[in-house]
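Novice: quick one: sequence plus predicted model below, questions after.
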Amino acid sequence: MLKKIVLKAYNLVLKNYKNMTSEINKDAIFVLGNQKSGTSAIVGLLAGLSDKSVTIDTKGIYEPIQSNIHSGNTSFSTFVKKNKYDFSPSLIKEPSFTFLYKDIRNIFNSRKNVFIVRDPRDNIRSILNRLNLPGHVENFEYDTPELWETVSEDWKLTITNNFLHVKSSNDIGKMAERWVKAIEVYEQYQDEFVLLRYEEFKMDKNKEIKNLAKKLDLPEINDISSKLDHQFQPKGNNDMSHEDFFGKNNLELINSICEKHMKKYGYK
């Protein structure tokens with residue numbers, strides 16, 4: 001116990017030191033999109049290819065900070081100043097920032113960022129796989145309370161999406177609405193993003209990362225061929241069909257909520 005307390009204190013001192021000695025990179029490129037859409041793998045390979053510094057997820061956004069930012073109790077500007085180390089690299093990947101992009105563009109200079117989109121059925125299933133949650137229930141808190149208790153507050157927010165004022169009473173429907181709202185952020189500022197479909201990245205990772213670097217005016221310095229299959233995040237289970245995983249009702253719900261945008265981005 002004492003060892004854990006000492007380690008926690010040391011990490012806090014180290015974090016404060018890094019934030020005190022770091023400078024915010026106003027020209028940072030942001031890699032955004034919904035959680036589990038491939039953002040970690042893409043930014044990791046992009047950083048490796050271009051030899052640029054990178055932040056993969058910002059610990060400072062953990063709850064209740066994220067909710068406080070969305071409610072207005074904490075300004076995004078104050079959050080950035082308190083977490084300067086995470087905002088000092090050239091590349092910054094944090095899916096939660098997708099819904100704070102309006103605040104990002106008020107502080108940072110880059111108007112050439114990255115948005116990753118993934119089939120919502122695979123995207124939602126990947127999130128649930130990550131959390132060991134089933135796809136066929138309507139409400140995790142009431143239908144699977146023992147599993148819901150194991151989910152962190154940060155991931156619970158990703159499912160309930162209270163700050164996005166979603167309409168669905170079904171948790172799967174709420175996640176589908178989140179997917180749509182993320183797309184709507186991209187569409188509102190699409191001139192400021194390079195769009196990459198996760199499925200195209202999976203088909204030819206080396207080609208797509210090089211194309212992405214070129215579009216972002218980033219140099220091609222390192223050979224990343226040996227890193228293409230590196231697992232940046234826990235892998236989901238894609239062996240089960242969408243209907244077997246979600247059940248007929250939840251799958252139809254996802255399709256109905258996301259239908260218009262699914263067609264637009266090539267998801268049948």
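Specialist: Perfect, I can see it now.
Novice: C-alpha from now on. contacts and neighbour counts both.
Specialist: Will do.
Novice: okay but residue 42 is in contact with residue 210, surely?
Specialist: No. Applying C-alpha atoms under 8 Å, one finds residue 42 not in contact with residue 210, separated by 10.7 Å.
Novice: higher neighbour count, these two?
Specialist: residue 42 (25 against 19; other C-alpha atoms under 10 Å).
Novice: give me the nearest residue to that one, chain neighbours excluded.
Specialist: In space, not counting the residues next to it along the chain, residue 42 is nearest to residue 209; the distance is 7.1 Å by C-alpha to C-alpha, 6 or more residues apart in numbering.
Novice: tell me if I am right that the one you found is in a strand.
Specialist: No. Under DSSP: H, G, I helix; E, B strand; the rest coil, residue 209 falls outside any strand and is assigned helix.
Novice: tell me the pLDDT at it?
Specialist: The per-residue pLDDT reported for residue 209 equals 98.
Novice: one more: the one 3 residues further on?
Specialist: At residue 212, the model reports a pLDDT of 98.
Novice: check residue 130 too.
Specialist: Among the per-residue scores, residue 130 holds a pLDDT of 96.
Novice: with residue 230 instead?
Specialist: The predicted structure scores residue 230 at 73 on the pLDDT scale.
Novice: need the contact list for it.
Specialist: Residues counted as contacts of residue 230 (C-alpha atoms under 8 Å, 6 or more residues apart in numbering) are residue 41.
Novice: how much space between it and residue 168?
Specialist: With distances defined as C-alpha to C-alpha, to the nearest Å, the gap from residue 230 to residue 168 amounts to 36 Å.
Novice: go on, residue 225?
Specialist: 43 Å.
Novice: out of the two, which sits in the busier spot?
Specialist: Higher neighbour count among residue 225 and residue 168: residue 168, with 15 against 11, using other C-alpha under 10 Å.
Novice: dump the residue contacts of the closest residue in space to the more buried one that isn't next to it in sequence.
Specialist: For residue 168, ignoring the flanking residues on the chain, the nearest one in space by C-alpha to C-alpha, 6+ apart is residue 174 at 5.5 Å. Applying C-alpha under 8 Å, 6+ apart, one finds that residue 174 lies in contact with 159-161, 166-168.
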